[in-house]
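Novice: Dropping a prediction and its sequence here:
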Amino acid sequence: MPRDITPERLARLRKVLSWRQKDLTLVLANIHDPHNVSAIYRSCDAFGVAQVHLYYTDTAFPSLSGKTSASARKWVDTVRHQDRDSLMSTLRASGHQVLATSCSPVAKPVADYDLTRPTAIIMGNEHSGVSQELVDVVDGEVYIPMYGMIQSFNVSVAAAILLSEASRQRVVAGMYAKSTYTDEEFEARLAQWIEK
């Protein structure tokens, strides 16, 4: 353990890590605007998301810059996927229900879903949304109810709203009060965080 870490810093790392929800994740699917991606990472950190999945098949992952972006990304793990099968097999292996953001007639309001279950939500491209190849293999489609003239949120705002609802449900269920990691996982991750 580095000698320069203060007891206060170590306590903070332990507390934040204990809140991490390893079974709640977002999939960023070909989101091209670096400001949106950076904002999504900040929301993931804020709501205790441990890991984000990147699905970039027709868009290059944007170059992120700035201290805030770098700071948020270092606390949230990133897993990259080259194809749909890799993405879905990874999420299925960890027992996630997989939802896609959508405005289709079969989409349900976010509050209708049990987000205390292991959950992955796919956030689609700013212009075309979640691709049909992904929609075809998800467990459900989700939308955020809106009551204005404009019927869409910026993708980073939508991500924050969806995570806020997941967080609300998980707080009510007491899920932030106990770590989602085993003792061994927790200590291993803490050791990694201390080095950041």
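Specialist: Good, I have the coordinates. Numbering: from 1, shown residues only.
Novice: If you drop the residues flanking it in sequence, what lies closest to K196?
Specialist: Counting by Cβ to Cβ, 6 or more residues apart in numbering, K196 lies nearest to K74, which is 5.3 Å off, once chain neighbours are set aside. Glycine gets a C-beta too; all of them are placed from N, C-alpha and C.
Novice: In terms of secondary structure, what does the top strand by length along the chain contact?
Specialist: Longest strand in the chain, counting residues (DSSP state E): strand 21-29. Packing partners of strand 21-29 (3 or more Cβ pairs under 8 Å, 6 or more residues apart in numbering; DSSP states H and E): helix 34-46, strand 49-55, helix 84-93, strand 119-123, helix 155-172.
Novice: Tell me which of these sits most buried.
Specialist: Mean neighbour count, computed with mean count of other Cβ atoms under 10 Å, is highest for strand 119-123 among the helices and strands packed on strand 21-29, reaching a mean of 25.
Novice: Can you give the contact residues for whichever helix or strand comes after it?
Specialist: Next in sequence after strand 119-123, counting helices and strands by DSSP states H and E, comes helix 132-135. Defining contact as Cβ atoms under 8 Å, 6 or more residues apart in numbering, one finds that helix 132-135 is touched by A29, Y55, R84, L87, A100, S102, S104, I122, G124, E141.
Novice: would you put the C-alpha positions of stretch 5-23 in CSV?
Specialist: The C-alpha trace of stretch 5-23 is given here as CSV (Å, rounded to 0.1, in the frame of the first residue of the first chain):
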residue,chain,number,x,y,z
ILE,A,5,-2.4,7.6,1.2
THR,A,6,-4.1,9.2,4.1
PRO,A,7,-6.6,7.4,6.4
GLU,A,8,-9.3,9.8,5.1
ARG,A,9,-8.5,8.9,1.5
LEU,A,10,-8.5,5.2,2.2
ALA,A,11,-11.9,5.5,4.0
ARG,A,12,-13.3,7.4,1.1
LEU,A,13,-12.2,4.7,-1.4
ARG,A,14,-13.6,2.0,0.8
LYS,A,15,-17.0,3.7,1.1
VAL,A,16,-17.4,4.5,-2.6
LEU,A,17,-16.3,1.0,-3.6
SER,A,18,-18.8,-0.5,-1.1
TRP,A,19,-21.5,1.3,-3.0
ARG,A,20,-20.5,0.0,-6.5
GLN,A,21,-23.3,-2.0,-8.2
LYS,A,22,-21.4,-4.6,-10.2
ASP,A,23,-24.7,-6.0,-11.7
